[in-house]
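A.B. asks: Here's my sequence, what's the structure:
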Amino acid sequence: MFKHLCIAMAVLLSGCKGDGSEWQKAVVPVVQPGATVQIRVLSANNPRLAQMSPQQMRILLASAQKTVQENFGVTVEFTQIDEMGIERVFALIPPRVLAERKQSIYDFKSAIGDKRKLAASIHDTLASRGTKLEQGFAYAKPYLPETAQPKDLMAFSELLSSVMLERLNNWRSVNAADGAPVLDAAPYNEWIYWDTLGYAKLPYELVITNQLLASAEYVDVDIHSAIRGGVSVGTTTYSRNSPFGAYVFWSTFPFLDNSENTVRMRGGETYSAEEAAQLSGSYLAHEIGHLLFQFGHPFGQKSCAMNPVSMLRFRAWSQQIDSASCPISSRPEMNVGAVPPIFNTHWLRMADKP
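C.D. replies: Numbering: from 1, shown residues only. All right, here's what the predicted structure looks like:
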């Protein structure tokens, strides 16, 4: 998903003019029907937060494998899960690249940010992906103020930015097991950091973390993450060391956390340990669709595995998908190569400098 839940497979070109950046699209992976592909897996945990057990992780990956096979017709083989602390994972991020990318972070923790710029960036993201007002608003309307009636895509973007920031602040009241806020001073929640990790020589196509991914940035904010308060369940983004030109970072936090805020966004859904793992794997197939085929988001097409989950209602999402009703190439967003990863060659060269 996307951030957005929300997929962030593309960096906003219009926001990068004049900064010396050079942008290229990654090639489309050639994955034939019936193929078997291997995905290398890393677990990157924050010790302050609830973690999935080894048994849950096995259920998660088996569920993802089954859902990918049913909806995309390929077999995914996951490697044995390597483990690394989240602090060590973040140490891999090229510091020079990160220094540039930090400029795209809306610093909500310090209440420092440009709200107009945030709204404008959401508009540019939606426009660049061909999002239609009617389709986007119909998807988001049940989770917006009842009086909302945006007249155009810019007004819709302003509405999304306002809702995003309000709900993002709600996440600050959620505490970890140690009694301290889940969103502490550490940057582990920041989507920009995870999105930059692919510029390191990362030897994995899937990084599973228990970290809450909730933040605001001036790039790649899509509808589904905005209405959740900047929460990403997972993202598929550029990776230099991946045969698919991308990697997935995936959060188990929305499936494991049972705080009032999370349960409310799940529409009251609560999960057993087994169901949490099963649903996480099923929805992970959505990101694998981005990874292997570069699909887009058919917003509101509830039978499509590539339709982002509404808020965090994973059980409802899982019950609605129907592979027969949403085959590959059935819609523009379901065309192979619909949304290719875009990478910055300037950042790539910078990552290689000592």
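
A.B. asks: Quick one: neighbours of the spatially closest residue to P187 that is not a sequence neighbour, just the number.
C.D. replies: In space, P187 comes closest to Y193 once its chain neighbours are excluded; the distance is 5.5 Å by Cβ to Cβ, 6 or more residues apart in numbering. C-beta: built from backbone N, CA, C; applies to glycine. Y193 has 20 neighbours, counted by other Cβ atoms under 10 Å.

A.B. asks: wait, what's in contact with Y193?
C.D. replies: By Cβ atoms under 8 Å, 6 or more residues apart in numbering, the residues touching Y193 are F90, I93, L98, P187.

A.B. asks: Equivalent analysis for A119, please.
C.D. replies: With Cβ under 8 Å, 6+ apart, A119 has these contacts: M154, S157, E158, L160, S161, S162.

A.B. asks: ChimeraX command to pick out the buried ones of these?
C.D. replies: To isolate the buried members of the contacts of A119 in ChimeraX, using 16 or more other Cβ atoms under 10 Å:
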select :154,157,158,160,161,162
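
A.B. asks: hmm, back to that, dihedrals phi and psi, the residue nearest to P187?
C.D. replies: For Y193, the backbone dihedrals (degrees, to the nearest 10) come out as phi -60, psi -50.

A.B. asks: Mind checking which of the contacts of Y193 land in strands?
C.D. replies: Among the contacts of Y193, none falls in strands (DSSP state E).

A.B. asks: which of those has the most neighbours?
C.D. replies: For the contacts of Y193, neighbours tallied by other Cβ under 10 Å; top is I93, 22 neighbours.

A.B. asks: How are the strands of the stretch 201-350 of the chain distributed by residue range?
C.D. replies: 206-209, 216-217, 234-238, 246-251, 342-344 (DSSP state E, counting those that start in this stretch).

A.B. asks: Pick the most deeply packed of those.
C.D. replies: Each of those was scored by mean neighbour count; the highest is strand 234-238, a mean of 29, by mean count of other Cβ atoms under 10 Å.

A.B. asks: Restrict that strand to CA atoms and write it as PDB.
C.D. replies: The C-alpha trace of strand 234-238 is given here as PDB (Å, rounded to 0.1, in the frame of the first residue of the first chain):
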ATOM      1  CA  GLY A 234       3.500  -0.600   3.700                       C
ATOM      2  CA  THR A 235       5.200   1.000   0.700                       C
ATOM      3  CA  THR A 236       6.900  -0.200  -2.400                       C
ATOM      4  CA  THR A 237       9.700   2.100  -3.400                       C
ATOM      5  CA  TYR A 238      13.000   2.200  -5.300                       C
END
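
A.B. asks: so it versus strand 246-251, what angle?
C.D. replies: Using axes from the mean of the first three to the mean of the last three Cα atoms, to 10 degrees, the direction of strand 234-238 lies 160 degrees away from that of strand 246-251.

A.B. asks: returning to what we had before: export the contacts of A119 as TSV, with columns for pLDDT.
C.D. replies: Converted to TSV, the contacts of A119 look like this (pLDDT from 0 to 100):
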residue	pLDDT
M154	97
S157	97
E158	97
L160	97
S161	97
S162	96
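
A.B. asks: Looking at the contacts of A119, which is nearest S110?
C.D. replies: S161 (17.8 Å; Cβ to Cβ).

A.B. asks: quick revisit: who wins for proximity to Y139 among the strands of the stretch 201-350 of the chain?
C.D. replies: Closest to Y139 of the strands of the stretch 201-350 of the chain, according to Cβ to Cβ: strand 234-238, at 18.3 Å.

A.B. asks: re earlier: out of the strands of the stretch 201-350 of the chain, which is closest to V263?
C.D. replies: strand 246-251 (16.3 Å).

A.B. asks: Tell me which strands the closest one pairs with, and in which orientation.
C.D. replies: Strand pairing for strand 246-251, using DSSP bridges, gives strand 206-209 (parallel), strand 234-238 (antiparallel).

A.B. asks: any idea of the mean pLDDT in that strand?
C.D. replies: Strand 246-251 shows a mean pLDDT of 98.

A.B. asks: swap in stretch 325-332?
C.D. replies: Here the average pLDDT along stretch 325-332 is 96.

A.B. asks: and the end-to-end length of that stretch?
C.D. replies: 14 Å (Cα to Cα, to the nearest Å).

A.B. asks: Low-confidence bits of the stretch 51-200 of the chain, can you list those?
C.D. replies: For the stretch 51-200 of the chain, applying pLDDT under 70 flags no range at all.

A.B. asks: which stretches of it form helices?
C.D. replies: For the stretch 51-200 of the chain, the helices defined by DSSP state H, counting those that start in this stretch occupy 54-72, 86-91, 95-101, 115-128, 133-140, 153-170, 191-196.

A.B. asks: Would you mind finding the most buried of those helices?
C.D. replies: helix 191-196 (a mean of 25).

A.B. asks: re earlier: select, out of the strands paired with strand 246-251, the one closest to R349.
C.D. replies: Among the strands paired with strand 246-251, the nearest to R349 by Cβ to Cβ is strand 234-238 (14.4 Å).

A.B. asks: what's the neighbour count on P94?
C.D. replies: Neighbours around P94, by other Cβ under 10 Å: 20.

A.B. asks: how about the nearest residue to it, chain neighbours excluded?
C.D. replies: Once flanking residues are discounted, P94 sits nearest to A351: 3.8 Å by Cβ to Cβ, 6+ apart.

A.B. asks: same thing with F156?
C.D. replies: F156 sits nearest to P150 (Cβ to Cβ, 6+ apart), 3.9 Å away.
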